[in-house]
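# Based on what follows, work out the 3D shape:
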Amino acid sequence: MPAQQSWQGPASAPPDVPQVPNMPQVQSAPPAQGVQPWPVSGGPAGAQPQHPGQALFPAVEVEPARRPVWIFPAVVAIVVLLAGGTVAFVLRDRWLPGGTAAPTAGPTGGPATSADDGPEPAQTTAQPAPTTATTTAGPPTLPASVGSVRLDPSLDPAQAPAVAAVFDTYFSSVNARNANAALAVMDPGGSLNQGDANAVRRFSEGISTSTDDDILLLALGPDTSGKGTMQARVTFRSHQEAGKGPKGRESETCTRWDVTYSLTRPGGGDYRIWGSTSAGNRPC
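Modelled structure (predicted):
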């Protein structure tokens, strides 16, 4: 570097450099060998710098700009990271509950399973369905008795219980000395004219001391007399005061009876007693 010179005053300073008092000036040095001086903006090629200080910065040959070598690996790394994040997101959605995971082979080579299928159900052995016994309505069975009336085993179970119920009401009313209740199961148009007060009174007096038991519905059949729709043969035993016995044996207090009754069925409803068509009796 050349030796600094002392300040020479304003006359020796370049015209475009401001004069700074007490500031030493730097002399321009000749360009180094093989180094081009810094070009002056706007001047011709080879022009010297206008500022004396410009000579201190030799011209540097600038190489063309190169792309940094780290850009390509960085781009690759970013792409890999993005792809990895996408795969992880898809896998998460597919393997979490509610996803749509692709089926995978079972551990023993069995049929493919999927994560959506949930846990494999426990193996159960099929049990035979319980069988419920089906009952087919068979023919009605004949009861041994209906109230105070016994039924012969040979009777038709489809008819006998209803007929026995009528006689049970009749004999129970007689035993209770209730003439009106007894008349209620008798056909008003039957052998006893219920509209005749004298006939009703005689009936009431006739049962006033009677008690009937050992009642058996023995047989049922069509009414050949034409008075009713059915005939019923009934046997029973009666106890009565002396003087109330059957005709010709009025003093008899215990009598066995075998009576065939005609039955009607007004309007297809309950059976009614029309009256007796034949009767036999003997002492007990």
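
# Would you mind measuring the gap between the ends of stretch 264-277?
Terminal residues of stretch 264-277 lie 13 Å apart, using Cα to Cα, to the nearest Å.

# again, but for stretch 261-276
The straight-line separation of the ends of stretch 261-276 (Cα to Cα) is 4 Å.

# ok, now stretch 139-147?
End-to-end distance (Cα to Cα), stretch 139-147: 22 Å.

# what mean pLDDT would you report for that stretch?
Across stretch 139-147, pLDDT averages out at 91.

# what's the answer for stretch 214-230, then?
The pLDDT scores in stretch 214-230 average 94.

# now do stretch 177-192
Mean pLDDT, computed over stretch 177-192, is 94.

# Okay, buried residues for it please.
Residues Ala179, Ala182, Leu183, Val185, Met186, Asp187, Gly190, Leu192 are the ones in stretch 177-192 that count as buried (16 or more other Cβ atoms under 10 Å). All C-beta atoms are positioned from the backbone trio N, CA, C, and that covers glycine.

# likewise stretch 155-174?
Neighbour-count burial for stretch 155-174, with 16+ other Cβ under 10 Å as criterion, is recorded at 155, 160-161, 163-174.

# Looking at those, spot the one nearest Gly275.
Tyr170 (11.7 Å; Cβ to Cβ).

# and the closest one, what is it in contact with?
Contact analysis of Tyr170 by Cβ atoms under 8 Å, 6 or more residues apart in numbering lists Ala182, Val185, Met186, Ile273.

# Also His239?
In this structure, His239 makes contact with Ser210, Thr211, Asp212, Asp213, Thr253, Cys254, judged by Cβ under 8 Å, 6+ apart.

# Just the ones in strands from those residues, please.
The strands, defined by DSSP state E, take in Thr211, Asp212, Asp213, Cys254 from these.

# and the second one, bridged to which residues?
On DSSP bridges, the residues paired with Asp212 through beta bridges are Ser238.

# Could you do the last one as well?
Listed beta-bridge partners, Cys254: His239 (assigned using DSSP bridges).
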